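[1] Provided below for reference: sequence and predicted model.
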Amino acid sequence: MTFDEIVTKVREIASGVDVADKGFLAVQVNLTGEGGGVFYVEVKDGRVNVEPYSYDNRDCEVTMSIDDFNKLVEGKLDPVFAFTTGKLKVNGDIGKALEFSKLIKK
């Protein structure tokens, strides 16, 4: 998937997730490699927003290759495994990163 397709896919997945009981969550995702980019996912007031911009007031920042993120979104890569093997790096609140991974799992 291209960067734009990834953002669209994350929006689709997030639109089907019930976040009514979730608090505020803001995660910036940095995708490295050819075709990579930056987007953020914000849960606020019972809604999920996914935008292709950096987000300065974030809980955490997740960095991984675009290929590995594609695998994560497709359910072919476990986020905990990716983190422990260094394929996924988290800067900030790891608990919030885990909440984020639950939002985007199929």
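    Received, thanks. All values reported here derive from a predicted model rather than from experimental measurement.

[2] now the strands: where do they sit in this protein?
    Assigned by DSSP state E, the chain shows strands spanning 25-32, 37-44, 47-51, 60-65, 88-92.

[3] For Gly75, see how far away the closest residue to Tyr55 other than its chain neighbours is.
    When the adjacent residues along the chain are set aside, Tyr55 lies closest to Tyr40, with 3.7 Å between them (Cβ to Cβ, 6 or more residues apart in numbering). Yep, even glycine has a C-beta here, placed from its N, CA and C like the rest. As defined by Cβ to Cβ, to the nearest Å, Tyr40 lies at a distance of 22 Å from Gly75.

[4] okay, the two: which has more neighbours?
    Tyr40 (21 against 10; other Cβ atoms under 10 Å).

[5] Run a quick neighbour tally on Asn70.
    Number of residues near Asn70 (other Cβ under 10 Å) recorded here: 18.

[6] What is the burial count for the residue lying closest to it once chain neighbours are set aside?
    Excluding its sequence neighbours, the residue lying closest to Asn70 (Cβ to Cβ, 6+ apart) is Met1, at 5.2 Å. Other residues near Met1 number 15, with proximity taken as other Cβ under 10 Å.

[7] Val48: how many residues sit nearby?
    21.

[8] Might you list the low-confidence residue ranges for the protein?
    105-106 (pLDDT under 70).

[9] Could you dump the strands of the chain into TSV and include distance to Lys102?
    Conversion of the strands of the chain to TSV gives the following (distance: least, Cβ to Cβ, whole Å):
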stretch	distance to Lys102
strand 25-32	10
strand 37-44	11
strand 47-51	12
strand 60-65	13
strand 88-92	14
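
[10] Now Gly35: phi and psi?
    Backbone torsions of Gly35, given as degrees, to the nearest 10, read phi 80, psi 10.
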